[in-house]
Every structure is written in C-alpha cells, then in structure tokens.
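> Output the structure for:
(one chain, ligands or ions: 1)
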Amino acid sequence: MRLLIVEDEARLASALQRGLANEGFTVEVAHTGPDGLHAAQEGDFDALILDIMLPGMSGYRIIETLRADENWVPILMLTAKDGEYDEADALDLGADDYLTKPFSFVVLLARIRALLRRGVTPRPARLQVDDLVLDPAAHTVRRGETPIELTPREFSLLEFLMRRAGDAVSKGDILHHVWDANYDGDANVVEVYVGYLRRKIDVPFDLQSLQTVRGAGYRLTSSVGAGVSAD
Ligand code: CA
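Below you'll find the predicted structure:
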C-alpha cells in the first residue's frame, strides 16, 4: 500500500516514514503544501497523512482541491491544538479522520489501517439546482460563476432545501433540521432566514427559485410552477 505523508516537521516526517516502512508500507514524503498537493494529484496513493499548517499551502486547501477534483483518497489529518482550527473543520472539509498532535505511532497505525480497510468512499457530489451549486465538502456556494457568501446558518438552510429540491418543506421540518432540535424560539426565524437567502441566491439574479408554498412551507425549484407563490 502506498502512503503519502505531507508534513513540514522534518523529524516527525522521517520518524513516520521509517515506522510505516517497517510495517511494510511504501511511503513518500512531501514537506510543503504545494509539493504535497502535486504528489497527491500525481502519485496514486492509497491514503494520505496530512498536516494542517504547511509552508505554501495549508492542509485544508489541499483537501479542498483534491475533493473538488473528485479525488476521494482516504485522508488522515494531523491537527495541532493551536486554537486556530477546530478538529471538526477537518471532517467538514472532507478529511476521513484526524489525530491531534502529539499522538502515538501505534494509534496512527491503527487509524491508517482502518482507513485502508474502508477504502475510497465518494462523498456526496455537489448539490445542484439549475446553476445554483453547493459544495458540502468545500463549503462553497455559487450561482453560475458568481460565488455567494453565506453565514453558517444560511448555508445549512440552503443545503437542507437543496437536498429536498422540488419538494415543499414545512417550517417545522426546517426548524428541526437546521436549528437545534430543542430550539423553542419563534418559528418566524425561518421566514427571516428564507428572506436572507432570497436576497443572496435569487434577487441579484432576478430569479424566484426559493418559493413560498401556501400552507405548506417552502420549496426550492428550478422553475416557477403552477399554484405557487413566490412572494
Ligand atoms: Ca506543520
């Protein structure tokens, strides 16, 4: 099995390389972000061990780029508790697992073996309704070529609606899935956020894709259908 280690701490990288080679793996090492990305794109590896803070390009950018290219090689992130990043970010961006430094080699080996057993698992493809495209792994939204900046809540709401595109979704369903299940505030918050979303995904493009369905809730569609009001 071929592994790529992208790690700029030379001593850690060579210790990992030796240890993994002793376990029978073929191991390559890259010490900068750009070298790591290039190796990952060209090298046909069975798994990647990827540091986050790297010279030239962060591990996050490497994951984003690989996943955007639909490269689903299993990735184990090495995260340092430097307060700048949350481990959950690594998983959001498409890593398969993470280890917080310092870690034991035995644990790393077990995690790598688990990733290799699981093999390549394609992520849900990008969600698309007409020219509105949401990428859950890269956390980006665009309409045509225009990138759209959304707050985390707006992003969750749009993702929920896009996964059910064409269906009417009730306010209650939206509250339950997009807000905390125990949210007991005003249900009108959904209306407010639908308004925010429309101002970002529809109004600037002179579209009405996010529609109000009287008595039922909201529906994201590719075209305005009969019996639907897009107030
Ligand atoms: Ca580093």
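
> So which residues on this protein come close to the ion?
Within reach of the ion by Cβ under 5 Å from the ion, the chain has these residues: 8, 51, 53. Using the backbone N, CA and C atoms, a C-beta is placed for each residue, glycine as well.

> If you rank these by neighbours, which is first?
residue 51 (24 neighbours; other Cβ atoms under 10 Å).

> What strand or helix carries the residue nearest the centre of the chain?
Central residue of the chain (Cα atoms, centre = their mean): residue 137, 1.9 Å from the mean position. Assigned by DSSP states H and E, residue 137 falls within no helix or strand.

> now residue 134
Going by DSSP H and E, residue 134 is in strand 132-135.

> Report the next helix or strand after that strand in sequence order.
strand 140-143.

> Can you list the strands that the next helix or strand after that following strand pairs with?
Using DSSP H and E, the next helix or strand after strand 140-143 towards the C-terminus is strand 146-148. Paired strands of strand 146-148, with direction, are strand 140-143 (antiparallel) (DSSP bridges).

> Kindly tell me how buried the closest residue to residue 170 other than its chain neighbours is, as a neighbour count.
Counting by Cβ to Cβ, 6 or more residues apart in numbering, residue 170 lies nearest to residue 217, which is 4.1 Å off, once chain neighbours are set aside. Using other Cβ under 10 Å, residue 217 is surrounded by 19 other residues.

> what pairs with residue 217 across the strands?
residue 213.

> That one is in contact with residue 174, isn't it?
Yes. Between residue 217 and residue 174 there is a contact at 7.1 Å, judged by Cβ atoms under 8 Å.

> Shouldn't residue 40 be within a helix?
Yes. Checked against DSSP: H, G, I helix; E, B strand; the rest coil, residue 40 lies within a helix.

> list the contacts for residue 221?
129, 165, 166, 209, 211, 228 (Cβ atoms under 8 Å, 6 or more residues apart in numbering).

> List buried residues within those residues.
Among the contacts of residue 221, the ones that count as buried by 16 or more other Cβ atoms under 10 Å are 129, 165, 209, 211, 228.

> Turn those residues into TSV, including secondary structure.
Putting these into TSV (three-state DSSP) gives the following:
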residue	secondary structure
129	strand
165	coil
209	coil
211	strand
228	coil
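
> Taking those together, which two end up most distant?
Spanning the widest gap among the buried ones among the contacts of residue 221 are 129 and 228, at 15.0 Å by Cβ to Cβ.

> sorry, back to before: what is the nearest of the residues of the chain next to the ion to residue 27?
Nearest member of the residues of the chain next to the ion to residue 27, counting by Cβ to Cβ, is residue 51, at 14.7 Å.

> roughly how far apart are the closest one and residue 121?
22 Å (Cβ to Cβ, to the nearest Å).

> and what of residue 199?
With Cβ to Cβ as the criterion, residue 199 and residue 121 are 36 Å apart.

> Skipping its backbone neighbours, what lies nearest residue 119 in space?
In space, residue 119 is closest to residue 74, 7.3 Å off (Cβ to Cβ, 6+ apart).

> Kind regards, and thank you for your time.
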